[in-house]
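Student: Below are the sequence and a predicted model for it; my questions follow.
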Amino acid sequence: MASSLVTAFIYDRYETYRSQGLGYEELIPFDVDVTIDGLKRALEASGHKVVAVEGIRQLVALVAEGKHKSWDLAFPIAEGIFGGAGREAQVPGILEAYQIPHVFADAATLSLAQDKGLTKMVLDHHGIPTAPFAVVPAAAGPSAGAGEEKEDVGATFPLFIKPTWECSSKGIDQKSKVGDAAELVEGVRRLRARYPGQSVLVERFLGGAEYSVSILGTGPSARAIGTALLDWDAAESQQVLDSHYHVPYWARGAPPEGHDYPVKVVSARDNPDVRPAEEVALKAWRAVGCRDTGRVDIRLGLDGLPYVLEINAIPGLRPSWSTLTKTAEFYGIDYDQLIGAVVESALERYPHLRSKSESAELRN
């Protein structure tokens, strides 16, 4: 057992927002009780004294009352609902303003990772492969520039379009893969109407296999704990888009039950794509500045090379369901061990907390 640290566990509860009338698509970032209870139990199993904090409003209230002064650490998984590309950064921003140590990346990194267009710009700067792309700014007219984006991505059709700030396949449907200029203009118009104020990412369609690399650690100590193949072809119970992109559960009007994605954990021993995908994923993770744990989604081009799709800096952590937790379990890392390792990674940044943790362990 590790420390007796007082840890504020900050989350957004799915059922709370559902009871307020939000639709399934709006509910995507929020965590179901299985996740919340599992994380709380895992932290307690490591000796943490857990303070449950539901959402940013309760966090603000507790900070205003000075209750945060007893906290040693925060474990924030709340992703927010308002604020565009800054949603996931809001809670960490408050924690940093009040000098509360926390797990996961800082506010600036989370804002960057939330914006797929800006992330790809950073990856390009570092020479990390990502599909050629262009961004249709929110300020443009509904079809302004859309017909010319194919020139910027350096490719002929098909192209792929999606909103820049969304997660969990929000904004992706049967019309996301566009085959000509007319479909591109209409698709951009549709996304800008559906997600007002948000830019649209247009990128070369990658026709190869898709992988999700799960990562543990920060900077030079970060390592890939495993890689999962997103096996759309085997997803017989789901609708599939051109054998490549699926229709997410929210688009089918279904709650997040069953499984996260149709993943199959693969190893470098059996799959030659794994090692190159993990190498690229780790480069992206370090370049953007992500910390502790998360996922980097990779897709192969028709040239067989891996390209970064996006970075998940606050990953899903539902026990035995989320891609990262299932990948960890495949490699013998159970849920409690995973969450303990995430906290240990964070404590590397806070020597005073590590000392307190080690002292408590010696006393026990």
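Tutor: Perfect, I can see it now.

Student: and stretch 110-120, average pLDDT?
Tutor: Taken as a whole, stretch 110-120 has a mean pLDDT of 96.

Student: ditto for stretch 356-364
Tutor: When pLDDT is averaged over stretch 356-364, the result is 59.

Student: And for stretch 273-286?
Tutor: Stretch 273-286 comes out at a mean pLDDT of 98.

Student: Just the CA coordinates for stretch 75-92, please, in PDB.
Tutor: C-alpha atoms of stretch 75-92 as PDB (Å, rounded to 0.1, in the frame of the first residue of the first chain):
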ATOM      1  CA  PHE A  75      -6.900  13.300  -9.700                       C
ATOM      2  CA  PRO A  76      -9.000  15.200 -12.300                       C
ATOM      3  CA  ILE A  77     -10.900  13.300 -15.000                       C
ATOM      4  CA  ALA A  78     -13.600  16.000 -15.400                       C
ATOM      5  CA  GLU A  79     -13.600  17.100 -19.000                       C
ATOM      6  CA  GLY A  80     -16.100  19.900 -18.800                       C
ATOM      7  CA  ILE A  81     -19.100  20.900 -21.000                       C
ATOM      8  CA  PHE A  82     -18.500  24.600 -21.800                       C
ATOM      9  CA  GLY A  83     -15.500  26.400 -23.300                       C
ATOM     10  CA  GLY A  84     -14.600  24.800 -26.600                       C
ATOM     11  CA  ALA A  85     -11.100  23.600 -26.900                       C
ATOM     12  CA  GLY A  86     -10.400  24.700 -23.300                       C
ATOM     13  CA  ARG A  87     -12.900  22.400 -21.700                       C
ATOM     14  CA  GLU A  88     -10.500  19.800 -20.400                       C
ATOM     15  CA  ALA A  89      -8.100  22.500 -19.200                       C
ATOM     16  CA  GLN A  90     -10.600  24.300 -16.900                       C
ATOM     17  CA  VAL A  91     -10.200  22.100 -13.800                       C
ATOM     18  CA  PRO A  92      -6.400  21.800 -14.100                       C
END
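
Student: got the buried residues for it?
Tutor: For stretch 75-92, a neighbour-count test (16 or more other Cβ atoms under 10 Å) marks 75-81, 84-92 as buried. Where C-beta positions appear, they are placed from N, C-alpha and C, glycine not excepted.

Student: what two of the residues you listed are the furthest from one another?
Tutor: Largest separation among the buried residues of stretch 75-92 by Cβ to Cβ: 75 and 84, giving 24.3 Å.

Student: just the helices in the stretch 1-150 of the chain please.
Tutor: 14-19, 24-27, 33-45, 55-64, 90-97, 107-114, 116-125, 149-152 (DSSP state H, counting those that start in this stretch).

Student: Does the third one pack against any helices or strands, and if so which?
Tutor: Which is helix 33-45. Where contact means 3 or more Cβ pairs under 8 Å, 6 or more residues apart in numbering; DSSP states H and E, helix 33-45 is packed against strand 6-11, strand 49-54, helix 335-347.

Student: Out of those, which is the most enclosed?
Tutor: Sort the helices and strands packed on helix 33-45 by mean neighbour count, taking mean count of other Cβ atoms under 10 Å, and strand 6-11 sits at the top with a mean of 22.

Student: partners of that one in the sheet?
Tutor: strand 49-54 (parallel), strand 73-76 (parallel) (DSSP bridges).

Student: would TSV of the ones you listed with distance to residue 127 and mean pLDDT be doable?
Tutor: Output for the strands paired with strand 6-11, formatted as TSV (distance: least, Cβ to Cβ, whole Å; pLDDT from 0 to 100):
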stretch	distance to residue 127	mean pLDDT
strand 49-54	40	98
strand 73-76	32	98
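
Student: got TSV for the ones you listed, with distance to residue 285 too?
Tutor: Converted to TSV, those look like this (distance: least, Cβ to Cβ, whole Å):
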stretch	distance to residue 285
strand 49-54	27
strand 73-76	19
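
Student: Specify the stretch among those strands that is closest to residue 356.
Tutor: strand 73-76 (9.9 Å).

Student: Could you check how far the closest residue to residue 88 other than its chain neighbours is from residue 221?
Tutor: Spatial nearest neighbour of residue 88, excluding adjacent residues (Cβ to Cβ, 6 or more residues apart in numbering): residue 110 at 4.4 Å. In this view, residue 110 and residue 221 are 20 Å apart by Cβ to Cβ, to the nearest Å.

Student: which one of the helices and strands packed on helix 33-45 lies closest to residue 266?
Tutor: With respect to residue 266, and counting by Cβ to Cβ, the nearest of those is helix 335-347 at 19.1 Å.
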